[in-house]
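Enquirer: Could you look at this predicted model? Sequence included:
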Amino acid sequence: MPIRFDAADAHWRVAPLAAFSADQKDWLTRGGSLTAHLRALGAVVVRVTREAVAMPWSDECAALGLAPRERAWVREIVLAVDGVPYVAAHSATPLAASHGVWQAMRRLRTRPLAELLYTDSGVSRSALVSRRVSALHPLHALATRETAGAVPHAFVARRSVFERHGAPLLVTECMLPALWAHLARDAQPVLHAHSARERGPLGHTASRASSHQIAR
């Protein structure tokens, strides 16, 4: 199914930056379930930090097909592994869609968003795109609140658009320093070699999200 919405722009790119580490390139391009990948590292808990009607970020409007000053339903969560925040995520959908196609998003509470994204054959996903996020982007503040110790000058993040019945849902995920520290401590690669089913078409091409495990 062709997808109408695109998460890429001048800053969010399909090909990860060459300067990213091997682990960063790996996690930024993994298709399938982010939560499932994190569960290989420990016990994962979803903590909701914000759910509200809000203005989307400036780089979200085009990806969501929104007019200037048009509002969205926003959900922000943290994925913690063994009690330590590893990912800060921000999801947005047009306000009308939050009362229609994506209304179940308002009732998730601490359940993963992927219960909506990977169980419905009518959901398609755009290419995964990534970038380095500095303090000039609002995602940096979101990630900083969940970072213990020294805050990096820039975080590494990815995003993609899920589409159902013509309505978009943009999911942005920021990897926190604790994730990279865990991987650096781990002598064995964790899920480094993806099977064709896991990586599949959900990596860099629009595809059926339902063909993969449940994600965040």
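Expert: Structure received. Residues are numbered from 1 along each chain as shown.

Enquirer: so where do the helices sit in the protein?
Expert: 22-29, 34-39, 61-64, 95-98, 114-117, 138-144, 177-185, 196-199 (DSSP state H).

Enquirer: Give me the neighbour count for Gly166.
Expert: Gly166 has 11 neighbours, counted by other C-beta atoms under 10 Å. Heads up, the C-betas are built off the backbone N, CA and C, glycines and all.

Enquirer: these two touch, right, it and Arg4?
Expert: Yes. Counting by C-beta atoms under 8 Å, Arg4 is a contact partner of Gly166 at 7.1 Å.

Enquirer: okay, and the helix or strand of the protein with the least pLDDT?
Expert: Within the chain, no helix or strand scores below helix 196-199, which has a mean of 40 by mean pLDDT, DSSP states H and E.

Enquirer: ok, now which ones touch Gln24?
Expert: Residues counted as contacts of Gln24 (C-beta atoms under 8 Å, 6 or more residues apart in numbering) are 16, 156, 175, 180.

Enquirer: Double-check Tyr86 against Ala80; I have them as touching.
Expert: Yes. Using C-beta under 8 Å, Tyr86 makes contact with Ala80 at a distance of 6.6 Å.

Enquirer: Tell me which of those two has more neighbours.
Expert: More crowded of Tyr86 and Ala80, by other C-beta under 10 Å: Tyr86, with 24 against 20.

Enquirer: Which residue comes closest to the more buried one once chain neighbours are left out?
Expert: Nearest residue to Tyr86 in three dimensions, chain neighbours excluded: Leu179, at 4.3 Å (C-beta to C-beta, 6 or more residues apart in numbering).

Enquirer: Tell me which residues touch that neighbour, please.
Expert: 27, 81, 86-87.

Enquirer: just checking, which of the residues you listed belong to strands?
Expert: If you go by DSSP state E, these have 81, 86-87 in strands.

Enquirer: how far away is the nearest residue to His11 once chain neighbours are set aside from Phe155?
Expert: In this structure, His11 finds its nearest non-sequential neighbour in Arg131, 5.0 Å apart by C-beta to C-beta, 6+ apart. Arg131 is 10 Å from Phe155, where distance means C-beta to C-beta, to the nearest Å.

Enquirer: Can you show me the strands along this structure?
Expert: Going by DSSP E, the chain shows strands at 44-54, 72-81, 84-94, 123-125, 129-133, 155-164, 167-175, 207-208.

Enquirer: Give me the distance between the fourth one and the centre of its chain.
Expert: Read that as strand 123-125. Centroid separation between strand 123-125 and its chain, computed with C-alpha atoms, centre = their mean, to the nearest Å, is 14 Å.

Enquirer: strand partners of that strand, parallel vs antiparallel please.
Expert: Strand 123-125 pairs in its sheet with strand 155-164 (antiparallel), strand 207-208 (antiparallel), by DSSP bridges.
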